[in-house]
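Peer 1: sequence and predicted structure are below.
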Amino acid sequence: MGNETPSNFAPSASTESGGQAELLTPNRAFARTPAKRRVRSAGKHADRPKTSSRRILVVDDVADVTEMIALFLKHAGFEVMTANSAATALKITSQDQFDLIISDIGMPEMNGYDLAGSLRRRETYVETPMIALTGYTEYDDRGRSLQAGFNAHLTKPINPSQLLTVIGELLG
């Protein structure tokens, strides 16, 4: 748990960007722009009008962070639900469908990487966009987030306009 790197993780993992593989080099890992994985399709919600309220699940073990992000997103017009742990998020997502998931990485018991992997194994969440929003800023953290199933990796402190931009790109 924490910031360990699994033995099968390659720091030079590539991601899709504009149809071509992009190598995550040290310069890319520390770039100011967020690392992103391409979303293949809008999934089963593709026919939903863009003006309808999109549903977002925010997962973080720090209540103040979760509440602040939820309040910001609600003000931006999203319907938001929160979870204070990965286990709670798994329970909520088994009962409900979300258009996007934002999750911290460093949480006790089950981290964000494991949460993303668990969700990606569910048919209903294979293509749901996920954003890692974390304090982890080391070289391999961005690549590890993308490898775990996240579509984007943003670091704390949170830049609200950058978060909205990434959400807009992922939800189309």
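Peer 2: Perfect, I can see it now. Numbering: from 1, shown residues only.
Peer 1: for M81, give me its contacts.
Peer 2: Residues in contact with M81 (CB atoms under 8 Å, 6 or more residues apart in numbering) are R55, I56, L57, V58, I92, D96, F98. Where you see a C-beta, it was placed from the backbone N, CA and C, and this is true even at glycine.
Peer 1: could you list which residues are in contact with A63?
Peer 2: Counting by CB under 8 Å, 6+ apart, A63 has contacts N84.
Peer 1: I131 - that's part of a strand, no?
Peer 2: Yes - applying DSSP: H, G, I helix; E, B strand; the rest coil, one finds I131 inside a strand.
Peer 1: may I have the beta-bridge partners of it?
Peer 2: Beta-bridge partners recorded for I131 (DSSP bridges): I102, A152.
Peer 1: how much space between it and L57?
Peer 2: Distance, I131 to L57, using CB to CB, to the nearest Å: 11 Å.
Peer 1: between these two, what contacts are shared?
Peer 2: Residues touching both I131 and L57 comprise L100, I101, I102, with contact defined as CB under 8 Å, 6+ apart.
Peer 1: isn't the first one up against V59?
Peer 2: Spelled out, it's L100. No - using CB atoms under 8 Å, L100 makes no contact with V59, being 11.5 Å away.
Peer 1: neighbour count for these two, which is higher?
Peer 2: V59 (26 against 21; other CB atoms under 10 Å).
Peer 1: per-residue confidence at that one?
Peer 2: Looking at V59, its pLDDT reads 98.
Peer 1: quick check on it: phi, psi?
Peer 2: phi -120, psi 120 (degrees, to the nearest 10).
Peer 1: that one touches D114, doesn't it?
Peer 2: No - the criterion here is CB under 8 Å, and V59 misses it with D114 at 11.7 Å.
Peer 1: intersection of neighbour lists for the two?
Peer 2: Jointly contacting V59 and D114 under the rule CB under 8 Å, 6+ apart are A86.
Peer 1: number of nearby residues for Q95?
Peer 2: Q95 has 6 neighbouring residues, counting by other CB under 10 Å.
Peer 1: and it, what pLDDT?
Peer 2: pLDDT for Q95: 96.
Peer 1: before we move on, what about H45?
Peer 2: 43.
Peer 1: and for the one 4 residues further on?
Peer 2: At P49, the model reports a pLDDT of 32.
Peer 1: can you check the one 3 residues further on too?
Peer 2: At S52 the predicted local confidence, pLDDT, stands at 59.
Peer 1: now do the strands in the chain.
Peer 2: 14-17, 20-23, 35-36, 55-59, 79-83, 100-103, 130-134, 152-155 (DSSP state E).
Peer 1: flag the shaky bits of the protein, pLDDT-wise.
Peer 2: Within the chain, the ranges that satisfy pLDDT under 70 run 1-52.
Peer 1: thank you, goodbye.
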